[in-house]
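Visitor: just the structure for this:
(4 chains)
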There are 2 protein chains.
Amino acid sequence: MVRQTKENAELTRQRIIDAARQVFLARGVSRTSMEQIATAAGVTRGAVYWHFSNKTELFSVMREQVFLPLIDRMDDNLQLENNEDPLTQIENFLNGTIQALNESSATRETYEIMMIKCEYVEEFSEVLRQILNNCDGIIQKLEQLYQRAKNKRQLRASQDPEQLALDTHLFFSGLLHMWVKDIDGSHFRKRTHSLIANHIDLRRN
Amino acid sequence: MVRQTKENAELTRQRIIDAARQVFLARGVSRTSMEQIATAAGVTRGAVYWHFSNKTELFSVMREQVFLPLIDRMDDNLQLENNEDPLTQIENFLNGTIQALNESSATRETYEIMMIKCEYVEEFSEVLRQILNNCDGIIQKLEQLYQRAKNKRQLRASQDPEQLALDTHLFFSGLLHMWVKDIDGSHFRKRTHSLIANHIDLRRN
DNA sequence: TTGCTTACATACAAATATGAATGTATATTA
DNA sequence: TAATATACATTCATATTTGTATGTAAGCAA
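Guide: Residues are numbered from 1 along each chain as shown, chains lettered A, B, ... in the order given. Next up, the predicted model:
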């Protein structure tokens, strides 16, 4: 088979991305060779290089396929116009992210690759900066929501929205890391819901 | 120079470990070759292979040089016999760990390597399990301290020591990650102290 | 239908890495 | 002080990986 139709080529491209995710997950990004990805996708390196100029680009595409939609969802979920009560809105946002991990293996695997199967050096340190920037956005939105909660007297007195937002972000950042590392689910995965509820409850008036 | 005295050999060994840390930090563990480590240490690969059987062993030794003392310090700091008030004890423990990062570049660099310059696959997944186990120990001790705090009526009513311990652990886990990633210090490093104080304050009666 | 392009496969050259084997001069020990 | 073990350096054989270059059959446009 030498020349595919356009749609088939698109399928091949996606198969390569999926294969890359599998191999990255199993062997780590650095140890993964283009040959291994090609084999896993059922093509040769020629095909991989035709679709992607190198491993870094392939990694970026894989990452963006999962993260761009995720960021959109976050933006939706953290909208200020939402008329739910702010604290519940935050809780829903946190739960929603965990739900995305539970429901989509591509999302789950990509998170795992990015957290414990990737070394952030050279070309990859750019990715780190993007992550940091994304964090900033989330923190800002959390702060605004906490501010609204404060205005509505939902918070116990003397709580600073900025500090609460940072605390929540760090909590959730830690939770995601533990969720990913806790592969067998015994420690954290099963308790996520109550951990989040408790975290929010600490703030409630 | 062909045969060193025992003490000199020990110095060489330590130079190799320090060199490995530098190269791991700059290039990531996977991309680092024994040759690069040797060059950085001012020896040849022969010397490196003489002291360490392979890169994995060298990595483990580097890690343990920093983490074993650190775990000891944690154990000391979280002792129940300490007669300080429990919440302050937790706060001191958290601040102490951050202080260790600030004061020792070896500690700081090793943390950074382990968090964003290492891929936890194959031989390295064992390390992940060790980390998880260590976390369990910390969580348990935090829980006991929160229990003592509760007995002393330091906590606001209806707070569960186990949940508080988990929340604190996740907060601190996230903080360490952000601390490491936030290289230029603009986002988190400078505010660590107040973040910790605020986290503990949320619990105080 | 012809001719150009596409979507790959195959082949090639260069670089890099590893572990082990071997060499060797000096510490150390008996 | 002779024998041996140590602390390396040097050499070697063997993989692996990468990017590119080239080949090729089939799709597609004119």
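
Visitor: now the closest residue to A:N134 other than its chain neighbours: how far from A:L78?
Guide: Counting by CB to CB, 6 or more residues apart in numbering or on different chains, A:N134 lies nearest to A:I71, which is 6.5 Å off, once chain neighbours are set aside. The way it works is simple: take the backbone N, C-alpha and C, and place the C-beta from them, glycine included. The spacing between A:I71 and A:L78, counted by CB to CB, to the nearest Å, is 11 Å.

Visitor: the more surrounded of these two?
Guide: A:L78 (19 against 14; other CB atoms under 10 Å in any protein chain shown).

Visitor: how many residues are close by the closest residue to that one other than its chain neighbours?
Guide: Ranked by CB to CB, 6+ apart and with sequence neighbours excluded, the top spatial neighbour of A:L78 is A:K141, at 4.1 Å. By the criterion of other CB under 10 Å, A:K141 has 20 neighbours.

Visitor: cool, A:L101 as well?
Guide: Here the number of neighbours of A:L101 (other CB under 10 Å) works out to 20.

Visitor: element containing it?
Guide: Using DSSP states H and E, A:L101 falls within helix A:86-103.

Visitor: avg pLDDT for the helix or strand immediately after that helix in the chain?
Guide: In the C-terminal direction, the helix or strand that comes right after helix A:86-103 (DSSP H and E) is helix A:105-116. Per-region confidence: helix A:105-116 scores 98 on mean pLDDT.

Visitor: close to chain B, is helix A:105-116?
Guide: Yes. Counting by CB under 8 Å from any CB of the partner chain, contacts between helix A:105-116 and chain B involve A:I116.

Visitor: now the angle between helix A:86-103 and that helix, please.
Guide: Relative orientation of helix A:105-116 and helix A:86-103, computed by axes from the mean of the first three to the mean of the last three CA atoms, to 10 degrees: 100 degrees.

Visitor: elements contacting the helix or strand following helix A:105-116?
Guide: Counting by DSSP H and E, the next helix or strand C-terminal to helix A:105-116 is helix A:125-151. Judged by 3 or more CB pairs under 8 Å, 6 or more residues apart in numbering or on different chains; DSSP states H and E, helix A:125-151 is in contact with helix A:55-77, helix A:86-103, helix A:161-181, helix B:161-181.

Visitor: what's the angle between the first one and helix A:86-103?
Guide: In this case it means helix A:55-77. Interaxial angle of helix A:55-77 relative to helix A:86-103 (the same axes, to 10 degrees): 140 degrees.

Visitor: so how far is A:A40 from the residue of chain A found nearest DNA strand D?
Guide: Proximity of chain A to DNA strand D (CB to the nearest atom of the strand) peaks at A:S33, 3.3 Å away. Going from A:S33 to A:A40 by CB to CB gives 11 Å.

Visitor: quick one: contacts of the helix or strand harbouring A:A38?
Guide: In this assignment (DSSP H and E), A:A38 forms part of helix A:34-41. The contact list for helix A:34-41, computed with CB atoms under 8 Å, 6 or more residues apart in numbering or on different chains, reads A:12, A:15-16, A:18-20, A:22-23, A:27, A:44-45, A:47-49, A:55, A:58.

Visitor: distance to DNA strand C for the helices and strands packed on helix A:125-151 - can I get that in a markdown table?
Guide: Converted to a markdown table, the helices and strands packed on helix A:125-151 look like this (distance: least, CB to the nearest atom of the strand, whole Å):
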| stretch | distance to DNA strand C |
| --- | --- |
| helix A:55-77 | 14 |
| helix A:86-103 | 29 |
| helix A:161-181 | 26 |
| helix B:161-181 | 25 |
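
Visitor: so where is chain A shaky, pLDDT-wise?
Guide: Within chain A, the ranges that satisfy pLDDT under 70 run A:1-2.

Visitor: by proximity to DNA strand C, which residue of chain A wins?
Guide: Residue nearest to DNA strand C within chain A: A:G46 (2.1 Å; CB to the nearest atom of the strand).

Visitor: tell me the SS of that residue?
Guide: Under DSSP: H, G, I helix; E, B strand; the rest coil, A:G46 falls in the helix class.

Visitor: what is the burial count for it?
Guide: Neighbours of A:G46 (other CB under 10 Å): 10.

Visitor: okay, A:S33 and A:A40: which has more neighbours?
Guide: A:A40 (18 against 13).

Visitor: for the residue nearest to that one when sequence neighbours are not counted, what are its contacts?
Guide: Spatial nearest neighbour of A:A40, excluding adjacent residues (CB to CB, 6+ apart): A:A19 at 3.8 Å. Each residue near A:A19 by CB under 8 Å, 6+ apart is listed here: A:37-38, A:40-42.

Visitor: repeat for A:L58
Guide: A:16-17, A:20, A:37, A:48, A:52.

Visitor: one more time with 10 Å, if that's ok
Guide: A:16-17, A:19-21, A:24, A:29, A:32, A:34, A:37, A:48-49, A:51-52 (CB atoms under 10 Å, 6 or more residues apart in numbering or on different chains).

Visitor: now it: how far from A:D184?
Guide: In terms of CB to CB, A:L58 sits 30 Å off from A:D184.

Visitor: my guess is A:I17 meets A:H51, correct?
Guide: Yes. A:I17 is within contact range of A:H51, at 8.7 Å (criterion: CB atoms under 10 Å).

Visitor: shared neighbours, those two?
Guide: Common neighbours of A:I17 and A:H51 (CB under 10 Å, 6+ apart) are A:41, A:58, A:61.

Visitor: excluding sequence neighbours, find me the nearest residue to the first one.
Guide: Using CB to CB, 6+ apart and skipping residues adjacent in sequence, the residue nearest A:A41 is A:A19, 3.6 Å away.

Visitor: which stretch of helix or strand covers that neighbour?
Guide: Assessed by DSSP H and E, A:A19 sits inside helix A:6-27.

Visitor: just to revisit the earlier point, tell me the buried residues in the helix holding A:L101?
Guide: Applying a neighbour-count criterion of 16 or more other CB atoms under 10 Å in any protein chain shown, one finds A:86-87, A:89-94, A:97-98, A:100-101 buried in helix A:86-103.

Visitor: got it, and stretch A:161-173?
Guide: Buried, per 16+ other CB under 10 Å, within stretch A:161-173: A:161, A:163-173.

Visitor: re earlier: ok, now how distant is the residue nearest to A:A41 from A:E91?
Guide: As judged by CB to CB, A:A19 and A:E91 stand 37 Å apart.
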